[in-house]
Structure formats: structure tokens, C-alpha cells
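Participant: Please find the sequence and the predicted model below.
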Amino acid sequence: MPSAIKKSSIHVLDLLLVFIPVSVAFFYTNVHPALTFIASAAGIVGVSHLIIHATGIIAQRTSTTISALINTTFGNIIEFILAIFALRAGLVDMVRSSMIGSIIISVLLLIGVSMFFGGLKYKEQKFNQESAGVSSTMLIIVVVGLALPSMYNLLKDEPAPAMSLAVSVVLTIVYVLGLLYMLVTHKHLFPTKQSMWEPTAYPWSFPISIALLLLAVGLGAFMSYILVETVTPLVNTVGLTERFVGLVFVALLTNIPEHITAVNYARKNNMTMSLEIGMSSALQIALFVMPVLVLLSPVIMGGTLDLVFSPFSLIALVMTAMIANYISTDGVCHWLEGVQLIAVYLLIAIAFFFI
């Protein structure tokens, strides 16, 4: 066992931590914003991977309920911090797009890639229909909640801050009750919740894991600040829009470690866990991170963050919810289904590149 730990003690994503000092050097020496953006993004991926390992060790040594609370708090902490810096910088469109992008990526790309690589090893893979069905229903609730302020804005041609706040409160309550359903009243339907993290080979003690978790969050916050500061110069220099940067780059870089974990589970013929990772991440963004940002926006930016999205964003979200609902119907998947999910994500990304 010690030799196994020694062999796997360094993960390829851990090497990306070297980009933390690199991005700091680039930022304070005014290197081209594109290079600074790439370096800070790589540092964020490395930090996100470190957070996954630290929370994994902590969660495995606590109860199921505490583990779920840890996942709720730190599962998307970097994305939450990045969104706060972006809101303070006035990059509201990027924040909205990154939230939608995270939902789409978690359901389409993460699950699609997992189905594809798992399907290359196994002809067909089965998963828990019950948990997938509950998650897909939650996504439909998300679509309804996020569509209403947008429809109000379309009909009245005015912002919908009060409605956005009310919707955020309802979505947050639904998220909390969903956790109660999965962890207390119907936990027998979600056995994978008790093993949400892969066993880690890192021989960290419990106190060291907590210290590393806090350090990683601090480093992630600094990397997020640097990345946000380079977005506007990058957009002006390269010609990309805030929406495209948020939907594709920002949403993807904070989810790369989860993609790798989900693929590893799929390759072990545990497609239930892969779907759980993707769906849980999407719902955490939609029902927790986004509503909390709206509720805190008066403090962060001096005004309410409206849940008013572009028609393309809503269409993409509706298609994602429909596909998630379809996935949960039969409880069986294969590699071609994964290709189809990946293709839908690429089509959405292409559409956002041109609008």
C-alpha cells in the first residue's frame, strides 16, 4: 500500500499549481493579457484539483450529512469566488453566461465524455434511474425559475430585480429540501451519496487536509482576481465576447477536475456516480450558487443581479433539461449516446461564438 501511495502521490493536475507564481509574475509585469489569462486559468484548475482531494479526505472521515455539507460549501467555491470578483468588476454578462455554461457543461459535456470513455470499455452501462430522474426534474424546475424573469423582461422591457430575488429564494429552498430528500427521508435511493469522492492516495491527516483546503481556497481567490482583471483586456484584444468567455472558458476551467473524476468512475463501470457528479454540480450551480449570488448582489455590486438571460441561453438551458430528462428514462447508456451529448454541447458553444 505505501508503494501505491508513492506512485500516485503526484497527479498531472497538481503540476498546474506551478502556474500560480507564473500568473502572478505575468500579472504584475504586464505580460500580454492572453498569456496571463491562460496562466491564471491553469492555476485555478490546479487549485480546484487540490480542493477536491482535501474535501475528499475530510468527507471520508466524517458522516454522510457532513460530507454533503462540505460538498455544498466547497463543490463550486472557486466558481462562486470568481463570480464575486466578476460582479464587482461589472462583468455581469460573463457571470450569467458562466453559470449557464457550468450547467450545460456538467450535464452535456461531463456526462457525455464519461459515457463515451466508459462505453469504449463496456458495451452498455447501467445507472440508477431513480436518482437521475430526481435530478432531471430539478433541472426542469431550474428552467421554469430562470425563464420567468427573462419573460418578464421581454414583455415589460424593464429589469426584474424583485422577481429575481423571489425566484432565488424559492430555488434555494428547493435545493435545501432536495438535500433533505436525498440524505434523510429517501437516502436509500441514493447509495452513491455515501461515497461521493474517490479514495485518495494522499496520506494527509485530517488537520493538514483542512489547512490545505483553506490555503487552496485563498489561492483560488487570488487566481480568480487575476483572471477577472485580464478578461476585459483579453476581450478587447482577441475579440471574444464576455458571454463566450463565460460560457466556455470560465465554466470549463473550474469543472476539469470533476470531468476527470467522472470519467474515472465511468471507466470503472460506475456510471451512476458519473451521472451523480454531473447532475449534482449542475444543480448546485443552478439552485445554490446562482441564487446566493443574486441575494448577495446588493452588497457585492450595489444592485440586484437580474436573472434575465438571452434567448440563446434559455434555449440552451431548455435543451439541456430535455436531454437530461431523456437520459434518465431507460437507465442504460453507451458510447454513441456520449458522442451525441458532446455534439450538442459543441453546437451550443459554436452558436455562442457567433452571437
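Facilitator: Received the coordinates, thanks.

Participant: Leaving aside the residues adjacent along the chain, what's closest to Val143?
Facilitator: Leaving out its chain neighbours, the residue that sits closest to Val143 by CB to CB, 6 or more residues apart in numbering is Ala321, at 4.8 Å. From N, CA and C alone the C-beta is placed, and that goes for glycine too.

Participant: do the same with Ser164
Facilitator: Leu307 (4.3 Å).

Participant: My guess is that neighbour contacts Ala286. True?
Facilitator: No. Leu307 is not in contact with Ala286 according to CB atoms under 8 Å; the separation is 10.5 Å.

Participant: between those two, what contacts are shared?
Facilitator: Leu146 (CB atoms under 8 Å, 6 or more residues apart in numbering).

Participant: Now for Ile78: which residues touch it?
Facilitator: Ile78 touches Ile44, Val47, Ser48, Ile51, Val217, Gly220, Ser224, Thr254, counting by CB under 8 Å, 6+ apart.

Participant: I'd guess the fifth one is in a strand, am I close?
Facilitator: Right, the one you point to is Val217. No. The assignment for Val217 (DSSP: H, G, I helix; E, B strand; the rest coil) gives helix, which keeps it out of a strand.

Participant: what are the ranges of the strands in the protein?
Facilitator: 125-126, 332-333 (DSSP state E).

Participant: Low-confidence stretches in the stretch 51-200 of the chain?
Facilitator: 63-69, 71-73, 188-200 (pLDDT under 70).

Participant: Stretch 82-93: end-to-end distance?
Facilitator: Using CA to CA, to the nearest Å, one end of stretch 82-93 lies 13 Å from the other.

Participant: Could you save the strands of the chain as TSV and add columns showing distance to Lys156 and mean neighbour count?
Facilitator: Output for these, formatted as TSV (distance: least, CB to CB, whole Å; neighbours: other CB atoms under 10 Å):
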stretch	distance to Lys156	mean neighbour count
strand 125-126	47	18
strand 332-333	43	20
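
Participant: can these go into JSON lines with extra columns for distance to Ser150?
Facilitator: Conversion of these to JSON lines gives the following (distance: least, CB to CB, whole Å):
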{"stretch": "strand 125-126", "distance to Ser150": "36"}
{"stretch": "strand 332-333", "distance to Ser150": "32"}
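
Participant: Quick one: closest of those to Pro159.
Facilitator: strand 332-333 (41.4 Å; CB to CB).

Participant: Neighbour count and distance to Val235 for the contacts of Ile78 - can I get that in a markdown table?
Facilitator: Output for these, formatted as a markdown table (neighbours: other CB atoms under 10 Å; distance: CB to CB, whole Å):
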| residue | neighbour count | distance to Val235 |
| --- | --- | --- |
| Ile44 | 29 | 18 |
| Val47 | 29 | 24 |
| Ser48 | 24 | 23 |
| Ile51 | 22 | 28 |
| Val217 | 18 | 27 |
| Gly220 | 25 | 22 |
| Ser224 | 25 | 17 |
| Thr254 | 28 | 19 |
